[in-house]
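Chemist: just to be clear, the model below is a prediction. Sequence and coordinates:
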Amino acid sequence: MFISRSATVNDAVISYWFHSYAMKQTARNILVSLAVLGVAAIGSANAVKKSLYDRIGIHKLAQGASNCIDMEFSDKMLLMNDHVKMNAEQTPKSIMKFGLTAFLANVAGGPQMPPTDIAALDKALMLSPEEREHAWMIRMDAFTKAGISKKDFLELKSLYLKKFDAAQPAMPGQETFSNPQSLYARLGGIVPISMVVNDFIDQLATDPVQLGNKNVVKSLTSGKVTAAGLKYLVTEQLAMAAGGPFKYTGKSMKESHKNLAITEKEWQSAAAILKKVLDGYKVPAKEQGEIFAAISASHNDIVKK
């Protein structure tokens, strides 16, 4: 493992579809028939209810989870609980946010595979009734700030509580690797990968070269994309590319970058930032080379010639 901080968390799409059709009517009886069929089709479509995951989306879910971790683990009342305090001191926030996002997305109906059972870890905190009520007030505030409606939050809470009630208390443990020779294992697993991505996205978001692209700025300020969502998806993507037990659930690189007009200069600047972060975590040259080789495969899908 290339990071000295303790890794204490277990093995942890939005899809768009477009439907269009053209009709040409030439007689009154055909028009009437098509109108009847059209009304029936509309009624059928409306009857198909979107899942909670599809209604909220990974970016808002990730932002709500990120807010939640930041707010809960800095709350004076909750930090008086020894279990909460220990987790706050020993577990990197980056992996807590990644794990909570994946768990909530899965609970809401998404395809994400959580690295650990967050409900079991939550139960192990042994919060008193007063502390747990206080925690839920914080959680509602955290998800509201992420742009999630009270109705959707309460539905998410209900789904989570079902998992919580059925869970057995469990403490976090060391991640094990099915293939110790994989790049994923040599990097140290999901915990250090989440830490690298966290620092990379933070520095990328303040890079003058990236901010000089008005399309990037517009995307980041639209509300559809969040920093927390990017961190989650990039962590998932890098972990999968490195041979870890994760599946990337975001859009393809070509689709997600098609309107951004990313230049070669911006690509090189992002690569330099990643190199700086990897150097800061003392990632060996061999592993860095493998990371950049995997990333370079998406160059032509991202950079506009």
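Modeler: Yep, that arrived.

Chemist: quick one: contacts for Ser66?
Modeler: 97, 101, 146, 227-228, 231 (CB atoms under 8 Å, 6 or more residues apart in numbering). From N, CA and C alone the C-beta is placed, and that goes for glycine too.

Chemist: could you list the low-pLDDT ranges of the stretch 201-305 of the chain?
Modeler: Low-confidence segments of the stretch 201-305 of the chain (pLDDT under 70): none present.

Chemist: one more time with 80, if that's ok
Modeler: 223, 305 (pLDDT under 80).

Chemist: now do the helices in it.
Modeler: Here the stretch 201-305 of the chain has its helices, by DSSP state H, counting those that start in this stretch, at 208-211, 214-220, 227-241, 253-257, 264-280, 285-296, 299-302.

Chemist: out of the contacts of Ser66, give me the one that has the most neighbours.
Modeler: Scoring the contacts of Ser66 on neighbours with other CB atoms under 10 Å, the highest-scoring entry is Thr101 at 32 neighbours.

Chemist: just the element for that one, please.
Modeler: Taking DSSP states H and E as the definition, Thr101 sits inside helix 93-107.

Chemist: which of the contacts of Ser66 sit farthest apart?
Modeler: Pairwise distances across the contacts of Ser66 peak at 13.6 Å for Ala146 and Lys231 (criterion: CB to CB).

Chemist: what distance do you get for Pro256 to Val197?
Modeler: Careful, residue 256 is Ser and not Pro. 16 Å (CB to CB, to the nearest Å).

Chemist: check Tyr184 too.
Modeler: Look at Tyr184 and Val197: by CB to CB, they are 13 Å apart.

Chemist: equivalent analysis for Leu125, please.
Modeler: For Leu125 relative to Val197 (CB to CB), the value is 26 Å.

Chemist: between the two, which one's more packed in?
Modeler: Just comparing Leu125 and Val197: by other CB under 10 Å the higher neighbour count belongs to Val197, 24 against 18.

Chemist: what's the nearest residue to the more buried one if we skip its chain neighbours?
Modeler: Spatial nearest neighbour of Val197, chain neighbours left out: Thr235 (4.5 Å); criterion: CB to CB, 6 or more residues apart in numbering.

Chemist: for Tyr160, same thing?
Modeler: Nearest to Tyr160 is Val107, by CB to CB, 6+ apart, at 5.7 Å.

Chemist: so what's that neighbour up against?
Modeler: For Val107, counting by CB under 8 Å, 6+ apart, the contacting residues are 156, 159-160, 163.

Chemist: so which strand or helix has the nearest residue to Ile138 once chain neighbours are set aside?
Modeler: Excluding its sequence neighbours, the residue lying closest to Ile138 (CB to CB, 6+ apart) is Met71, at 5.0 Å. If you go by DSSP H and E, Met71 is part of helix 58-72.

Chemist: now do the buried residues in the helix or strand just after that helix.
Modeler: Once the chain leaves helix 58-72, the next helix or strand it forms, by DSSP H and E, is helix 76-79. Residues of helix 76-79 classed as buried under the neighbour-count rule (16 or more other CB atoms under 10 Å) are Leu78.

Chemist: helices or strands next to helix 76-79 in the packing?
Modeler: Under the contact definition 3 or more CB pairs under 8 Å, 6 or more residues apart in numbering; DSSP states H and E, helix 76-79 sits against helix 82-90, helix 129-145.

Chemist: repeat the analysis, applying 10 Å as the threshold.
Modeler: Here helix 76-79 touches helix 58-72, helix 82-90, helix 129-145, going by 3 or more CB pairs under 10 Å, 6 or more residues apart in numbering; DSSP states H and E.

Chemist: pick the most buried one from those helices.
Modeler: helix 58-72 (a mean of 24; mean count of other CB atoms under 10 Å).

Chemist: show me how far it is from its chain's centre.
Modeler: Distance of helix 58-72 from its chain centroid, counting by CA atoms, centre = their mean, to the nearest Å, is 9 Å.

Chemist: contacting residues for Leu274?
Modeler: 196-197, 199-200, 203-204, 288, 291-292, 295 (CB atoms under 10 Å, 6 or more residues apart in numbering).

Chemist: now a PyMOL select for only the buried ones of those residues.
Modeler: The following PyMOL line selects those of those that are buried, judged by 16+ other CB under 10 Å:
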select buried, resi 196+197+199+200+203+204+291+295
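
Chemist: how about the contacts of Leu274 in JSON lines, adding distance to Thr116?
Modeler: Conversion of these to JSON lines gives the following (distance: CB to CB, whole Å):
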{"residue": "Val196", "distance to Thr116": "19"}
{"residue": "Val197", "distance to Thr116": "18"}
{"residue": "Asp199", "distance to Thr116": "22"}
{"residue": "Phe200", "distance to Thr116": "23"}
{"residue": "Gln203", "distance to Thr116": "27"}
{"residue": "Leu204", "distance to Thr116": "27"}
{"residue": "Gln288", "distance to Thr116": "28"}
{"residue": "Ile291", "distance to Thr116": "24"}
{"residue": "Phe292", "distance to Thr116": "29"}
{"residue": "Ile295", "distance to Thr116": "27"}
